[in-house]
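**Student:** what's the 3D shape of this:
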Amino acid sequence: MPSNPTLTVRRAAERGHANHGWLDSWHTFSFADYYDPAQMGFRSLRVINDDKVAPKAGFPTHPHRDMEIFSYVLEGALAHEDSIGNNRVLKPGEIQLMRAGSGVRHSEFNPLASERSHFLQVWITPHTRGLDPAYTEWKPSEGSANAAMTLVISPDGRDGSATIAQDALIYLLKLDGDREATHQLAAGRGLWLHVAKGKAIANGIHLEAGDAVSLEQAGDIKVTSDGGPAEAILFDLA
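**Tutor:** The predicted model follows:
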């Protein structure tokens, strides 16, 4: 197994961009008015939207189905309400995962009066259509708050992770100083690494916030910060 496999780089500036005033959004993959046939997703990973929402603004109630949707809050707060009875406000470092399944309606809103909300919204296609809608959350524990690499979403909810209806392991990386994360990708699987905050180095490649790298051959990836705190999300996908 190669210890330093070749990574494919996708730079932040190559993404689609939409600024609606109340919403400033960057699209890693084709979404809404941004369409690039070469960027329709990566395996089951379909959407990574980097959203900044103005104070007291947000997405009104709208429908989804047959998609696993999670949001990771980077700054501010995110209020979520859905048709299956959930009403939550998430803070930075927290994740919500909603299974749209056979159909669900939800809204997302910045409840703060003077601070923007900055979060990543990610869509993953499920392994089965028509599942019952569901909702789960992940919040950092005392042990994971400063861990370099924490499993936050998995198919079986292991180690306190949120549960997803897909063969997907999703890790939160928090890097600074001597903390580094190493992940071994098995044969037949694919890896996507998205830098959410700060600057990072992945197998010698310097990455800024919004940059990503992917890998589709077995091998190891080592991720460190590049001067100061950094956060990233690592997807290990069937």
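**Student:** and the residue most central in space within the chain, which of the three is it?
**Tutor:** Nearest residue to the geometric centre of the chain (C-alpha atoms, centre = their mean): Val122, 4.9 Å. Using DSSP: H, G, I helix; E, B strand; the rest coil, the secondary structure recorded for Val122 is strand.
**Student:** Could you report the pLDDT at it?
**Tutor:** Per-residue pLDDT puts Val122 at 98.
**Student:** Same question for the one 4 residues further on.
**Tutor:** At Pro126, the predicted lDDT confidence score is 98.
**Student:** pLDDT weak spots in the chain?
**Tutor:** Where the chain drops to pLDDT under 70, the residues are 1-4.
**Student:** isn't Met149 right next to Ala181, touching?
**Tutor:** Yes: Met149 lies in contact with Ala181 (C-beta atoms under 8 Å); the separation is 3.9 Å. (C-beta placed from N, C-alpha, C; glycine too.)
**Student:** shared neighbours, those two?
**Tutor:** Residues touching both Met149 and Ala181 comprise 171, 173, 234, with contact defined as C-beta atoms under 8 Å, 6 or more residues apart in numbering.
**Student:** which of those are buried?
**Tutor:** 171, 173, 234 (16 or more other C-beta atoms under 10 Å).
**Student:** could the residues you listed be laid out in a markdown table, adding secondary structure and distance to Ile205?
**Tutor:** Formatted as a markdown table, those follow (DSSP: H, G, I helix; E, B strand; the rest coil; distance: C-beta to C-beta, whole Å):
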| residue | secondary structure | distance to Ile205 |
| --- | --- | --- |
| Tyr171 | strand | 18 |
| Leu173 | strand | 15 |
| Leu234 | strand | 14 |
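**Student:** And those residues, which is closest to Lys197?
**Tutor:** Lowest distance from Lys197 to those (C-beta to C-beta) belongs to Leu173, with 10.3 Å.
**Student:** If the closest one is in a bridge, with which residues?
**Tutor:** Met149, Ala232 (DSSP bridges).
**Student:** just checking, it touches Pro229?
**Tutor:** No: shown here, Leu173 and Pro229 do not form a contact pair, counting by C-beta under 8 Å, at 11.0 Å.
**Student:** The residue nearest to the centre of the chain: what's it in contact with?
**Tutor:** Contacts of Val122 by C-beta under 8 Å, 6+ apart are 45, 47-49, 69-72, 233.
**Student:** Out of the residues you listed, list just those in strands.
**Tutor:** 45, 47-49, 69-72, 233 (DSSP state E).
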